[in-house]
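Q: I'd like to go over a predicted model; first the sequence, then the structure.
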Amino acid sequence: MKSTSDTRYNQRIHVDFSNMIAENIGARGIPESDFTQAMIDLQYAVSQTDSKRDEMKWRDLHSSQDAVLCDVKRIASRVRDRFDTFVVLGIGGSALGPIAVHQALNHLHYNDLPHDKRNGPRLFVEDNVDPQRMSDLLDVIDPRKTAFNVISKSGSTSETMAQLLIILDLLKKTVGEGWVSHIIATTDKNKGNLIKAAQQYGFDTLYVPDGVGGRFSELSPVGLLPAAVCGIDIDKLLAGAKYMDEICTDEFNDNPAYVLAVLSFLSQRMGSNISVMMPYADSLKYIADWYAQLWAESLGKRYDVNSNEVFCGQTPVKSLGVTDQHSQVQLYTGGPYDKVITFIGVETLKCVVDIPKELESIPDIAFLGGHTLNELLSSELYATRYAVTKSGHMNILISIPEVNAFTIGQLLMMFELQTAYMGEILNINAFDQPGVEEGKQATYALLGKNGYGSKLAELNAAKEANKTYSV
Ligand code: PA5
């Protein structure tokens, strides 16, 4: 499975954690003996996660969806044949995965390419309810040539349901008869309101399986349909996830997700409450966004599973190399020892861009000529890692041979497993989000949803009781 003779091995992603260890980076690092001991002491995180496989259906998505894949491909093919634009309506876990995978695997200016150079229809993922965003979207799409994929696992999220109401109204007015074929719903088979609307109107519908929460759903129809519509090889994406799953059921020292979880735990215990993810590739920029939600919403918990107050969780920070070298890296080298920086490097980028030999009369510019942007990018990654390490700040390098569907599938699975292991280590439920609920319920009350009268009274009472301080 992990043998170097496995043909998949040359596409395997690797984790270098040398710069986490005190023997390499000094007193602010993790002593090697602590790491070795923790790898033994925390092994239960792997066995418990393995034993909960039946509940954690997200982990099997790479192999459990044969019939679903047929439906996804059939719908994707219909959309590709018929529409020139595909709009995802969804938020949080119902949007961040589709955005991240599309940015990783398609052209960075995908929507601006002419139709014959694109892999499919234009894609917009609408994950906010800023009225300007909706209004501006409607300025650039033709509803008669647009398919809308409304994605909501719970089928009740106000933001997504409000978007659906707007689009329903628009389609009825602009398309008239046949408008129903412009909407595809992705939701829970039995629960929520979206399934009711889907059944009432007869939308094409895909299901988010039980045991697959929003932030763990990218490899379900949530992510697979938008990916397939835009020409991404979803079989390879799932094959990559399967490969990483196989790697991670192996011995602990060779399990990269477990090693990452142990390092996160130990560094957090030493006061590193911030986790920075810094990919050195624009294509991976939104993988950092997706990871931020996965890490924050899964692990930011007030109570452990025994109802003890623990207030745990590392704050994720998104960063982009080299752009944020000119924005955040001063803090990462000179600032407090409260963070771990995870660099992501790509060994072979999709293109090579030469830097021409010009301005030879100005040696301080001319030295760049004859190199490539690829060399500049990789040298800057090396140099920044060197500077961060020299300043004694812990950092990790995740190396990806190249950005393709197979390696992205691996990356997603590795981070999902890291998060699940971390939940076990911290003894918290990584799969709920009670802290998000209070805000959702207050919104329902403010907008007059049935059954939220006492919540509205509570909000009004809180407003009365609070003194106002403002300038
Ligand atoms: O990860 C999660 O569970 C959340 O971020 C949800 O994805 C988000 O709140 C949207 O929920 P839903 O898909 O039910 O509309």
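A: It's in. Residues are numbered from 1 along each chain as shown.

Q: Going by C-alpha atoms from here, please, whenever you check contacts or count neighbours.
A: Fine.

Q: which secondary structure element contains the spatially most central residue of the chain?
A: The C-alpha lying nearest the average C-alpha coordinate of the chain belongs to residue 290 (C-alpha atoms, centre = their mean; 2.0 Å). According to DSSP states H and E, residue 290 maps onto helix 285-299.

Q: now what about whichever helix or strand comes after that helix, what contacts it?
A: Where DSSP H and E defines the elements, the next helix or strand beyond helix 285-299 is strand 301-303. Strand 301-303 has contacts (C-alpha atoms under 8 Å, 6 or more residues apart in numbering) with 309-313, 428, 435.

Q: Relative to residue 218, how far out is the residue in the chain sticking out farthest from the centre?
A: Here the centre of the chain is the reference, and by C-alpha atoms, centre = their mean the most remote residue is residue 361, at 46.7 Å. Here the distance between residue 361 and residue 218 works out to 52 Å (C-alpha to C-alpha, to the nearest Å).

Q: wait, doesn't residue 79 sit right on residue 230?
A: No. In this structure, residue 79 is not within contact of residue 230 by C-alpha atoms under 8 Å, at 9.8 Å.

Q: before we move on, the earlier item: how near is the residue nearest to the centre of the chain to residue 325?
A: Relative to residue 325, residue 290 is positioned 21 Å away (C-alpha to C-alpha).

Q: Quick check: residues of the stretch 201-350 of the chain near the ligand?
A: With the criterion set to C-alpha under 6 Å from any ligand atom, the stretch 201-350 of the chain comes near the ligand through 213-215.

Q: Format those residues as JSON lines; extra columns: neighbour count and pLDDT.
A: Below are those laid out as JSON lines (neighbours: other C-alpha atoms under 10 Å; pLDDT from 0 to 100):
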{"residue": "213", "neighbour count": "19", "pLDDT": "93"}
{"residue": "214", "neighbour count": "25", "pLDDT": "95"}
{"residue": "215", "neighbour count": "22", "pLDDT": "96"}
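
Q: Out of the residues you listed, which comes closest to residue 373?
A: Closest approach between those and residue 373, by C-alpha to C-alpha: residue 215, at 34.2 Å.

Q: secondary structure class for that closest one?
A: helix (DSSP: H, G, I helix; E, B strand; the rest coil).

Q: Apart from its chain neighbours, what residue comes closest to it?
A: For residue 215, the nearest residue in space outside its immediate sequence neighbours is residue 93; the separation is 4.1 Å by C-alpha to C-alpha, 6 or more residues apart in numbering.

Q: quick check, that neighbour in a strand?
A: No. Assessed with three-state DSSP, residue 93 is helix; it does not lie in a strand.

Q: Next SSE downstream of the helix ranked longest in the chain?
A: What stands out as the longest helix in the chain, according to DSSP state H, is helix 405-426. Downstream of helix 405-426, the next assigned helix or strand under DSSP H and E is helix 434-446.

Q: now that next one: how far from the chain's centre is it?
A: 23 Å (C-alpha atoms, centre = their mean, to the nearest Å).

Q: How about the residues of the stretch 51-200 of the chain by the ligand?
A: 91-94, 152-155, 157.

Q: Most neighbours among those, which one is it?
A: Counting neighbours by other C-alpha atoms under 10 Å, residue 152 leads those with 30 neighbours.

Q: Sketch out the low-pLDDT regions of the stretch 101-250 of the chain for me.
A: Along the stretch 101-250 of the chain, no part satisfies pLDDT under 70.

Q: Swap in 80 and give it another go.
A: Counting by pLDDT under 80, the stretch 101-250 of the chain contains low-confidence residues at 250.

Q: just so I have it, where are all the helices in it?
A: Taking DSSP state H, counting those that start in this stretch to define them, one finds helices in the stretch 101-250 of the chain at 131-140, 158-174, 194-201, 221-229, 234-248.

Q: could you dump those to CSV with distance to residue 403?
A: Formatted as CSV, the helices of the stretch 101-250 of the chain follow (distance: least, C-alpha to C-alpha, whole Å):
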stretch, distance to residue 403
helix 131-140, 29
helix 158-174, 31
helix 194-201, 35
helix 221-229, 15
helix 234-248, 11
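
Q: hey, which of the ones you listed is tucked in deepest?
A: helix 221-229 (a mean of 27; mean count of other C-alpha atoms under 10 Å).

Q: Can you show me the CA trace of the helix holding residue 290 as CSV?
A: What follows is helix 285-299, C-alpha atoms only, in CSV (Å, rounded to 0.1, in the frame of the first residue of the first chain):
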residue,chain,number,x,y,z
LYS,A,285,-5.4,29.6,-2.1
TYR,A,286,-8.9,28.4,-1.4
ILE,A,287,-7.8,25.1,0.0
ALA,A,288,-6.6,27.3,2.9
ASP,A,289,-10.1,28.8,3.2
TRP,A,290,-11.7,25.3,3.2
TYR,A,291,-9.2,24.1,5.8
ALA,A,292,-9.9,27.1,8.0
GLN,A,293,-13.6,26.2,8.3
LEU,A,294,-12.8,22.5,8.8
TRP,A,295,-10.4,23.3,11.6
ALA,A,296,-12.3,26.1,13.3
GLU,A,297,-15.8,24.7,13.2
SER,A,298,-14.8,21.2,14.1
LEU,A,299,-12.4,21.9,16.9
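
Q: what angle separates that helix from helix 405-426?
A: 20 degrees (axes from the mean of the first three to the mean of the last three C-alpha atoms, to 10 degrees).

Q: got the contact list for helix 285-299?
A: With contacts defined as C-alpha under 8 Å, 6+ apart, helix 285-299 is touched by 92-93, 96-97, 99-101, 103-104, 215-216, 277-279, 312-320, 415-416, 419, 422-423, 428-433.

Q: and residue 81, how far is that from residue 203?
A: Separation of residue 81 from residue 203 (C-alpha to C-alpha): 18 Å.

Q: Mind checking which of the two has more residues around it?
A: More neighbours surround residue 203 than the other of residue 81 and residue 203, with 18 against 12 (other C-alpha under 10 Å).

Q: Next one: that one relative to the ligand, how far apart?
A: Separation of residue 203 from the ligand (C-alpha to the nearest ligand atom, to the nearest Å): 17 Å.

Q: pretty sure that residue is touching residue 180, no?
A: Yes. With contact defined as C-alpha under 8 Å, residue 203 reaches residue 180; the gap is 6.0 Å.

Q: Please give the element, helix or strand, for the residue farthest from the centre of the chain.
A: With DSSP H and E as criterion, residue 361 is part of no helix or strand.

Q: how far does stretch 166-182 stretch from start to finish?
A: Stretch 166-182 has its terminal residues 14 Å apart, counting by C-alpha to C-alpha.

Q: Could you find the closest non-adjacent residue to residue 357?
A: Excluding the flanking residues, the one nearest residue 357 by C-alpha to C-alpha, 6+ apart is residue 369, at 4.1 Å.
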